[in-house]
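J.: the following comprises the amino acid sequence and a computationally predicted model.
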Amino acid sequence: MGDNRLHIFYTVAQEQHFARAAARLRLTQPAVSLQIRALEEEYGQRLLDRTAQGARLTPAGQRLYRHAGRILALYEEMELELRAAPQLSGELRLGASSTLASYLLPEFLAGFQNECPKVRLLLSSGNSLQVAGWVREQAIPLGFIEGPCRVSGLKTQPLVQDELIVVCGKRFASLRQPFSLADLLSLPLLMREPGSGTRETVEKALHRAAAGPSPHIVMELGSTEALKTAAEQGLGLAIISRWAVQKELRLGSLFPVAVRGLALRRQLFAVYPQGPAPDGLAGYFLKFLRRELRRRPSGARA
C-alpha cells in the first residue's frame, strides 16, 4: 500500500545504492532507475547523484526524503490500524545491541505495548555479533544491531542513522580543542569489546581518517554504561552514541570533544533470517518501528 515511487526512492536513499535497493525491493535495477527518473521528471529536479560508490541525495532529494518518511509513516499507520492491532496477542522475543536496547528501543517498546496490550515483549541485549548469532540460531525472529551484519544467512534492513561522538570527563575537558586526529590517537582511549558494532565503526573511521599510529587503547569494556562510567572517572576518552550520553552531557558529567576530520556516523539495522521480511508479530513490530522512526522530525538520514 502507498505511493510505490516514493517507497522506491526512500529505499534507494536508505541504501545509498541502486543495486542494493533493487535487491531489497525485489525489483530489477533498471526498474528502480526508471521510477527514480520518473520522480525527477515530475518534480523537475535531480534527486540523486549517481556516483561510482552508489547514490547520494541532492539538496532537493534531502527535502523529498524528509517528506517521504512522514508520508510513508502515515500509510503504515493506516495499515497497522486497519489490521486491528489490539487483537494481536502472544509472545515476541527480540534482541538488540546494548546501545539500541538501552537508549533507543525502550520508548518504542512502550508505544508498541500501548498499541498491542495483549503482546508480551521479551528483549535480550548483547553486542551486535551476539544478536546476529541469536537470529541465526532462531532463538529470536528479529534483532537490531549497529553497523553491517557479519553473520552469514541473515538479511538486514536499515532503520536509522546514528552519530557517535567523542566524550571525556572533567580530567580532559580543559584540554584545548578542537583536537587533531593525531591528538586523539595519542590520548588514552576507552573502547567497547571486539564484536561490538560501536567498536567496529570506530576502528573503521579511524582507519579511513589516517594511516598514522594505532589508537592508544587503555581499556576495553563490555557495555556502554561501563564506558561512560570509566570516562566520567577520567580513565580516558570514549566514543559513544549521542543517544547514550544525552543525560550526562546535560548534567555536565561528560563533555563533548571536537576532533577535526573525523566523521563518525553509522547505520542501525534490523536483522532477520535470509528470505522474505518477517511476518506475524515480528513483522508487525518492524512495521511499527519503521513508522515511528519516520515520524521523528529529524528523521532517519541516509
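T.: Sure, I can see it.

J.: ignoring the adjacent residues along the chain, who's closest to S125?
T.: Leaving aside its chain neighbours, S125 sits nearest to A101 (3.9 Å; criterion: Cβ to Cβ, 6 or more residues apart in numbering). All C-beta atoms are positioned from the backbone trio N, CA, C, and that covers glycine.

J.: ugh, typo on my part, it should be A31
T.: Nearest to A31 is A22, by Cβ to Cβ, 6+ apart, at 7.3 Å.

J.: I'd guessed that neighbour sits against V32; true?
T.: Yes - judged on Cβ atoms under 8 Å, A22 makes contact with V32 at a distance of 4.6 Å.

J.: in the stretch 51-200 of the chain, which spans are helices?
T.: With DSSP state H, counting those that start in this stretch, the ranges of helices along the stretch 51-200 of the chain come out as 59-82, 98-99, 105-115, 128-136, 170-173, 181-186, 197-209.

J.: can I get these in a markdown table with mean neighbour count, mean pLDDT and distance to E163?
T.: As requested, the helices of the stretch 51-200 of the chain are arranged in a markdown table below (neighbours: other Cβ atoms under 10 Å; pLDDT from 0 to 100; distance: least, Cβ to Cβ, whole Å):
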| stretch | mean neighbour count | mean pLDDT | distance to E163 |
| --- | --- | --- | --- |
| helix 59-82 | 16 | 81 | 16 |
| helix 98-99 | 27 | 86 | 12 |
| helix 105-115 | 15 | 92 | 17 |
| helix 128-136 | 23 | 94 | 17 |
| helix 170-173 | 16 | 91 | 20 |
| helix 181-186 | 16 | 86 | 17 |
| helix 197-209 | 19 | 80 | 11 |
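
J.: now those helices as a markdown table including distance to G261?
T.: Output for these, formatted as a markdown table (distance: least, Cβ to Cβ, whole Å):
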| stretch | distance to G261 |
| --- | --- |
| helix 59-82 | 23 |
| helix 98-99 | 24 |
| helix 105-115 | 32 |
| helix 128-136 | 26 |
| helix 170-173 | 19 |
| helix 181-186 | 6 |
| helix 197-209 | 6 |
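
J.: so for A38, which of the ones you listed sits nearest?
T.: With Cβ to Cβ as the criterion, A38 lies closest to helix 59-82 of the helices of the stretch 51-200 of the chain, at 13.1 Å.

J.: and the strands in the chain?
T.: 48-51, 54-57, 90-97, 119-126, 142-146, 154-168, 189-192, 217-221, 237-241, 255-257, 265-273 (DSSP state E).

J.: next, the buried residues of the longest one.
T.: So that's strand 154-168. Buried residues in strand 154-168, counting neighbours by 16 or more other Cβ atoms under 10 Å, are found at 154-160, 162, 164-168.

J.: that strand to helix 128-136, inter-axis angle?
T.: 160 degrees (axes from the mean of the first three to the mean of the last three Cα atoms, to 10 degrees).

J.: so which other helices or strands are in contact with strand 154-168?
T.: Applying 3 or more Cβ pairs under 8 Å, 6 or more residues apart in numbering; DSSP states H and E, one finds that strand 154-168 makes contact with helix 128-136, strand 142-146, helix 197-209, helix 224-232, strand 237-241, strand 255-257, strand 265-273, helix 280-295.

J.: CSV for these, including distance to L64?
T.: Formatted as CSV, the helices and strands packed on strand 154-168 follow (distance: least, Cβ to Cβ, whole Å):
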stretch, distance to L64
helix 128-136, 31
strand 142-146, 27
helix 197-209, 28
helix 224-232, 34
strand 237-241, 27
strand 255-257, 31
strand 265-273, 20
helix 280-295, 13
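
J.: got a list of what G126 touches?
T.: Applying Cβ atoms under 8 Å, 6 or more residues apart in numbering to G126 gives the contacts G95, S97, S98, W134.

J.: so which of the helices of the stretch 51-200 of the chain gets nearest A238?
T.: Between A238 and the helices of the stretch 51-200 of the chain, the tightest spacing by Cβ to Cβ is seen for helix 197-209, at 9.6 Å.

J.: and the angle from the closest one to strand 265-273?
T.: 130 degrees.

J.: who's in contact with helix 197-209?
T.: Helix 197-209 is contacted by residues 97, 99, 127-128, 145-147, 164, 181, 185, 191-193, 215, 224, 239-241, 261-264, 266 when judged by Cβ under 8 Å, 6+ apart.

J.: equivalent analysis for stretch 110-124, please.
T.: 80, 85-96, 101, 105, 109, 131, 134, 140, 281, 284-285, 288-289, 292.
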